[in-house]
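Colleague: here you go, sequence then predicted model.
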Amino acid sequence: MSQDIRIKKGLDIKLKGTAEETISASSRPKIFAIQPEDFHGITPKLTVKVGTEVSVGTPLFYSKSNEKIKFTSPVSGTVTEIKRGAKRKILAIVIASKTADDYVNFGKADPKGLGGEEILSKILDSGCWAFVNQRPYDVIANPADEPKGIFISSFDTAPLAPDYSYALKGQELAFQAGIDAISKLTKGKVTLCIDESINFFNKVENVNIQKIIGKHPSGNVGVQISKVAPINQGEKVWTINPQDVVIIGNLFLTGEYRPNRVIALAGSEVKKPQYYSVTIGQSLKDFLEGKINKNNIRVISGNVLTGAKTSAKDGFLGFYDNLISAIPEGNVYRMFGWIPFVGGSKIHSASKTSFSWLSPKKEYVLNTNLNGEERAMVVTGEMEKVMPIDIYPMQLLKAILANDIEKMENLGIYEVAPEDFSLIDYTSSSKIEAQKIVRQGLDLMINEVG
Amino acid sequence: MGFIRNTFDKYKPLFDKGGKFEKLAPGFNAFDTLMFVPNHTTKYGAHIRDGVDLKRVMVTVIFALVPAMIFGMWNVGYQYFSQLGEAGTFLDYLLYGAFKFLPMVVVSYGVGLGIEFAFGIFRGHEINEGYLVSGLLIPLIMPIDLPLWMLGVSVAFAVLIGKEAFGGTGMNVLNPALVARAFAYFSYAPSMSGDKVWVADASTVDAISGETILGALASGQSEVGSVLDMFLGFVPGSVGETSVLMILIGAAFLLFTGVASWRIMLSSLLGGAAMGIIFNLVGTSYPENALLNFPWWQHLLVGGFAFAIVFMATDPVSGAQTNRGKWYYGFLIGFLGIMIRIINPAYPEGIMMSILLLNVFAPTIDHYVIQANIKKRKNRLKIV
């Protein structure tokens, strides 16, 4: 094992409503949907119409820029609706499920006995390729690239994040199979980053294990890459979430695409926070019914720092999500709430202008209030405190705002993803929308540099 | 609370988009958000946000200024009564000081915020809180006898040329409070220097010297009173700058809350001490020069040094922005500040000048610090 890496910068935000360690199965929902917005930068080309019968693993659409990248159905049933938004952009492919699933057979095989090409084509055909993301740009990888390495983070440090070692209990074989398959995709190393806890990740073979200890965002795969082997201009590194490694592993063990995972339902507005076994794309309506408080809450698919706002009425479980969070909406006024220390220990702050530093272990109920208004960037040094990657975050953000491509390259745009800036969103006293700015910068780079 | 909220809500539609006074919205919003943290919720990015905002940061700095300000007002009264040879009670001193000082605060805020509101409304942006601090800093670094109209003109110059011309809060190159002081110093020199301006009404009292310690040293006197007085602040000077003790209390608060940069404060102190020591060594050859031979550690106690490095050098907008840059920036402020003070006795408040100078060089310092990071990235590419 290589030397441990300690990350000092960052911030752990403790929220009320951590998921308890129990797993319940969610009842089989009647509708499912795959939402192309989950796949940033992909323009979908549909291969199904309303009324098409699909099985688990039947392609629904492929990427306009690379038709090898397919997106397949998570369920058996009938396509009932193609939801479109402005400019006929496809928002969701809705599928009404049958009572039981039948699976497209992609062929069972031991990944150890297969070559890289065979493994790649199986992953592409089954729709599992969408799980393989690339840095830079934080988008779905291009299968034609030769990655420098593949990184998997076995732990998530975000608020209320699920514990993967618990969620993946019983899937150890599938995880190992997934790793065996992935390792054939690169000539470089596959690195599995682990934290201090002792669990099955420590015993995974055929992988380079790296221990990383620290506050959030030390669990972010981008931060881990930057500490182990930072990305240089022109290099590509692929990343896969551990739950998705299991789905890839099961593809080889069973020959079928099994888009199931164990997610956490957590947050102060969840009646009984715990784990549930669910299927990608399932409707949230039936799933959340009775499990969360009704009034004035926000349901987030993903964690509270990087997730997307969704709806308990007509939302669907996102393609990549391992967590659904529910927190109160913050559409309330607070009189003189800007005076330092007013609001007592209810106001959480990374700075010491409230009393939250007195109770670092307390679990907070935080709402969605912006706690101020957007202002010019004034305070310096606060972004650096929560940015473990060796870049100058404020200068990079300013370069992005100025659309200065050369400066963005110089300042390390290839090493970052929006999620790495989520704590800057949080702590910024000027309420800078850092994640939005970084995404904008990455999109510009994709268009201009590619 | 309900009543006030309802009143705001009642008039808010008039200022919303399409309302009758739509254009005045920034002004209305400034008052609304002064009373209430608004009900805005997150639309992009992180769904939860830290409790801190620019108002909280700025008000923290104002809190930190309060001890120096209260003491300053007391000292105005104390100096005034002492020059008359009279004694008063604590309250007499404080009330007299407040009577002289508060009009300066009113003029500073009135003129400054007036311009800020006008710019906010004309340019259609929300009013930034930056001036809340500048507006209090300016009267604190002026002599108490400065005529109010001069103060008003200086403030207007500082806000218009020092800040709005560059794009407003967050964009200014120079610290606006120091721009005001520099403007007043060069435009109205007789009211900003000499031995008659630092104590209220000193010009009407004959034959009493109200010199600052630095002024006395510059004119060659080497007996300047007790060190304890310098530390506690029972000496003439700008309102806020005399009491090192009170400034230290403010500094402790700023450092504790993390609002001001400890790197800048510490490195400025080191820079000042280094220069002071060098001059003390040189001074052994020039025994007649009082400024040169003034002990280096006492240099750190007198004049605006402490006030400037705690409240002015740490201004994040005009200072260096990178953590490493802050070390160079602070050190040079202290170093050059003491150098200007000693070498050019015509301008004993060298520290203010040196901050303005370093404000100009801060982007250059940052440039080289960042260039090192860029170089590291490029070298990595070469190795691979």
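Modeller: Arrived safely.

Colleague: and residue 39, what is it in contact with?
Modeller: No chain in the question, so chain A it is. Residue A:39 makes contacts with A:63, A:71, A:130, A:139, A:140, A:319, as judged by Cβ atoms under 8 Å, 6 or more residues apart in numbering or on different chains. For every residue, glycine as well, the C-beta is placed using N, CA and C.

Colleague: my bad, chain B
Modeller: Residue B:39 touches A:330, A:331, A:332, A:333, A:369, counting by Cβ under 8 Å, 6+ apart.

Colleague: excluding chain neighbours, what is closest to the first one?
Modeller: Think residue A:330. Distance criterion Cβ to Cβ, 6 or more residues apart in numbering or on different chains; nearest residue to residue A:330, sequence neighbours excluded, is residue A:369 at 2.7 Å.

Colleague: and chain B, what are its domains?
Modeller: Domain assignment of chain B by automatic domain parsing yields the ranges B:54-259, B:261-384.

Colleague: what's the closest of those to residue A:404?
Modeller: The closest of the domains of chain B to residue A:404 is domain B:261-384. By Cβ to Cβ, the value is 13.0 Å.

Colleague: related to what we said a few turns ago, tell me the one of the contacts of residue A:39 nearest residue A:49?
Modeller: Of the contacts of residue A:39, the one sitting nearest to residue A:49 (Cβ to Cβ) turns out to be residue A:71, at 15.5 Å.

Colleague: surely that closest one is within a strand?
Modeller: Yes: counting by DSSP: H, G, I helix; E, B strand; the rest coil, residue A:71 is part of a strand.

Colleague: for it, give its distance to residue A:257.
Modeller: Distance, residue A:71 to residue A:257, using Cβ to Cβ, to the nearest Å: 11 Å.

Colleague: biggest separation within the contacts of residue B:39, which pair?
Modeller: Among the contacts of residue B:39, A:330 and A:333 lie farthest apart (Cβ to Cβ), at 10.2 Å.

Colleague: and the two? which has more neighbours close in?
Modeller: residue A:330 (22 against 18; other Cβ atoms under 10 Å in any protein chain shown).

Colleague: that one against residue A:365, yeah?
Modeller: No: counting by Cβ atoms under 8 Å, residue A:330 stays clear of residue A:365, with 10.8 Å between them.

Colleague: now stretch B:101-121: how far from the chain's centre is it?
Modeller: In terms of Cα atoms, centre = their mean, to the nearest Å, the centre of stretch B:101-121 is set 16 Å apart from its chain centre.

Colleague: nearest to chain A, out of the domains of chain B?
Modeller: With Cβ to the nearest Cβ as the criterion, chain A lies closest to domain B:54-259 of the domains of chain B, at 2.8 Å.

Colleague: quick one: average pLDDT of that closest one?
Modeller: When pLDDT is averaged over domain B:54-259, the result is 88.

Colleague: same question, stretch A:78-86
Modeller: According to the model, stretch A:78-86 has a mean pLDDT of 94.

Colleague: and the contacts of it?
Modeller: With Cβ under 8 Å, 6+ apart as the criterion, stretch A:78-86 contacts A:31, A:33, A:46, A:48-54, A:60, A:90-96, A:98.

Colleague: give me the subset of the residues you listed touching chain B.
Modeller: Counting by Cβ under 8 Å from any Cβ of the partner chain, nothing from those sits close to chain B.

Colleague: now, of those residues, which are buried?
Modeller: A:31, A:33, A:46, A:48, A:52, A:54, A:60, A:90, A:92-95, A:98 (16 or more other Cβ atoms under 10 Å in any protein chain shown).

Colleague: and which of those is nearest to chain B?
Modeller: The nearest one, if we look at those relative to chain B and count by Cβ to the nearest Cβ, is residue A:92, at 20.9 Å.
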